[in-house]
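Colleague: Any chance you can model this:
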Amino acid sequence: MPDRASAPEDVSAFGKIEPTDPKGGLAGKGIPQPDMFNAFLNGTQAPAETEATGISPMELAQKNPPMEKPTVKSLLEQMNTSEETLQTISSQLHTPQLKFKRSSEHLLNNKLRSAQKSVSAAGERMGAAMPEAKDMTGPTPFERFISFAAHGQDQYAAVKNQLGKMASQPGMMNPADMLLIQVKLAQAQQELEYASALISKSVAAIKETLNIQI
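Modeller: Numbering: from 1, shown residues only. The predicted model follows:
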């Protein structure tokens, strides 16, 4: 007689089977459902925001560019936010006795260069008369970083000037170009926020050292 079929293994060994949501997707797993995807792509639903306290450079690196449909007004708001961040960076770089580790110095250099390239790409796409690119050199890293910040302010001034012309001429840019400009400005802002967070840590370390010495 043939051997009796062995009993099936305990299904619990394979983990709990998740219930399926009526609209599609796995419930409770954070997997977007089709309706949520459609609403997001159509701009009728914003992505959920995560609460964060004490944002670190690593958390900033994971930020996504804004997904709302761009307008001249929203682009100007992006520009204003980036300019404020750039001014903060410039102020931070003038902190007395500020020092960086070699790794932080290299990372900061890369972030500022990346921001510069993104703003330049946005300006060129909208037809702005961008300031001539400069090779940021100097006897010390701080002088190079300060040059980056100064050049960045010139870049943002040129882009804002062009946005002012776009505001007075509706339809000057097609939606695809507007979206690309939005993404490039968001990328630049992300890099600037990362750089500012990086400098803040060095500034905090200097202040702590000075307090200990006092």
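Colleague: Need the distance between the two termini of stretch 122-129.
Modeller: By Cα to Cα, to the nearest Å, the extent of stretch 122-129 from end to end equals 11 Å.
Colleague: I'd like the average pLDDT over that stretch.
Modeller: On average, the pLDDT along stretch 122-129 is 92.
Colleague: Please enumerate residues in contact with it?
Modeller: Applying Cβ atoms under 8 Å, 6 or more residues apart in numbering, the external contacts of stretch 122-129 come out as 130, 155, 158-159, 161-163, 166, 173, 177, 180-181, 184-185, 188. (Each C-beta comes from the backbone N, C-alpha and C, glycine too.)
Colleague: low pLDDT regions in this protein?
Modeller: Within the chain, the segments meeting pLDDT under 70 span 1-67, 133-139, 212-214.
Colleague: picking up where we left off before, which among the contacts of stretch 122-129 end up buried?
Modeller: Those of these that meet the buried threshold are 130, 155, 158-159, 162-163, 166, 173, 180-181, 184-185, 188, by 16 or more other Cβ atoms under 10 Å.
Colleague: quick one: which of those is nearest residue 90?
Modeller: residue 155 (13.6 Å; Cβ to Cβ).
Colleague: coming back round to it: among the contacts of stretch 122-129, which ones are in helices?
Modeller: Judged by DSSP state H, helices contain the following of the contacts of stretch 122-129: 155, 158-159, 161-163, 166, 177, 180-181, 184-185, 188.
Colleague: Please identify which pair of the residues you listed lies farthest apart.
Modeller: Using Cβ to Cβ, the ones in helices among the contacts of stretch 122-129 span at most 19.1 Å, a distance reached by 161 and 180.
Colleague: Pull out the buried positions in stretch 82-101.
Modeller: 82-83, 85-86, 88-90, 92-93, 100.
Colleague: possible to save these as a markdown table with distance to residue 210 and secondary structure?
Modeller: Below are the buried residues of stretch 82-101 laid out as a markdown table (distance: Cβ to Cβ, whole Å; DSSP: H, G, I helix; E, B strand; the rest coil):
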| residue | distance to residue 210 | secondary structure |
| --- | --- | --- |
| 82 | 31 | helix |
| 83 | 30 | helix |
| 85 | 25 | helix |
| 86 | 26 | helix |
| 88 | 20 | helix |
| 89 | 21 | helix |
| 90 | 21 | helix |
| 92 | 16 | helix |
| 93 | 17 | helix |
| 100 | 17 | coil |
